[in-house]
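what would the 3D arrangement of this be:
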Amino acid sequence: MTRALMCALALAALAACREEAAERTLPGGSPVRDTAALRTSGLSAGGARADVAMRNPYADDAIAVAEGRRLYGAMNCAGCHGGAGGGGIGPPLADAEWIYGGQSENIVEAILKGRPNGMPAFGGRLPAAEAWKIAAFVATLHQPKADANRVAAPGR
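Numbers count the residues shown, from 1 in each chain. Down below sits the predicted model:
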């Protein structure tokens, strides 16, 4: 029994030496050695940033913002986020605290691709142009009420 235990310890020590030797052959910035740099998903804490900053082509188009408001209702966004974006089942859209970033490109990505734990992906049912219009409307939700009414409801 002692001999078997000694053999097992010797094999474990030999295996550890081989792993250490293999690790020494890795380049300095290898993610295997530097586990802090290893990402296992696209999620990160804090506000997310899109890879390329994009300007919403409908941001200053009152007709497109009104269409975004209509789509917000038609796609039942209000069912989770509230009619005025105050939240409910889903997070509020009228505040400045966003899990995945509140820029238009982040909103469009969330609409088209969905988000974990509840936000469905609408990419197969909604063209990207309509997602940008919804994002333009959502941007008006955290503006002062007079500005949001002026931009989102043309002709008033």
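
tell me where the chain has helices.
For the chain, helices defined by DSSP state H occupy the ranges 2-24, 62-74, 78-81, 104-113, 128-141, 145-152.

least confident secondary structure element in this structure?
Least confident helix or strand of the chain, by mean pLDDT, DSSP states H and E, is helix 145-152 with a mean of 46.

quick one on the thing from earlier: and the helices of the chain, which one's lowest on average pLDDT?
If those are sorted by mean pLDDT, helix 145-152 sits at the bottom with a mean of 46.

which residues does residue 82 contact?
Neighbouring residues of residue 82 by CB atoms under 8 Å, 6 or more residues apart in numbering: 88, 92, 93, 94. For the C-beta atoms, the positions are set from N, CA and C on the backbone; glycine is no exception.

and the closest residue to the first one other than its chain neighbours, how far is that from residue 110?
Spelled out, it's residue 88. Here the nearest residue to residue 88 in space, its sequence neighbours aside, is residue 82; by CB to CB, 6 or more residues apart in numbering that works out to 5.0 Å. To residue 110, residue 82 is 16 Å away according to CB to CB, to the nearest Å.

what of residue 130?
Separation of residue 130 from residue 110 (CB to CB): 14 Å.

and for residue 122?
Remark: distance between residue 122 and residue 110 (CB to CB) = 9 Å.

same thing with residue 101?
For residue 101 relative to residue 110 (CB to CB), the value is 9 Å.

neighbour count winner among those two?
The neighbour comparison of residue 101 against residue 110 (other CB atoms under 10 Å) goes to residue 110, with 21 against 16.

list the contacts for the more buried one?
If you count contacts by CB under 8 Å, 6+ apart, residue 110 has them with 100, 119.

from residue 72, how far off is it?
Counting by CB to CB, the gap from residue 110 to residue 72 is 13 Å.

what does residue 65 give?
Taken as CB to CB, the span from residue 65 to residue 72 is 10 Å.

shared neighbours of those two, anything?
Common contacts of residue 65 and residue 72, defined by CB under 8 Å, 6+ apart, comprise residue 137.

which one of those two is surrounded by more residues?
When residue 65 and residue 72 are compared for neighbours, residue 65 comes out ahead with 26 against 22, by other CB under 10 Å.

I'd say that one and residue 134 touch.
No: taking contacts as CB atoms under 8 Å, residue 65 lies outside contact range of residue 134: 9.6 Å.

show me the contacts for residue 72.
78, 134, 137, 138.
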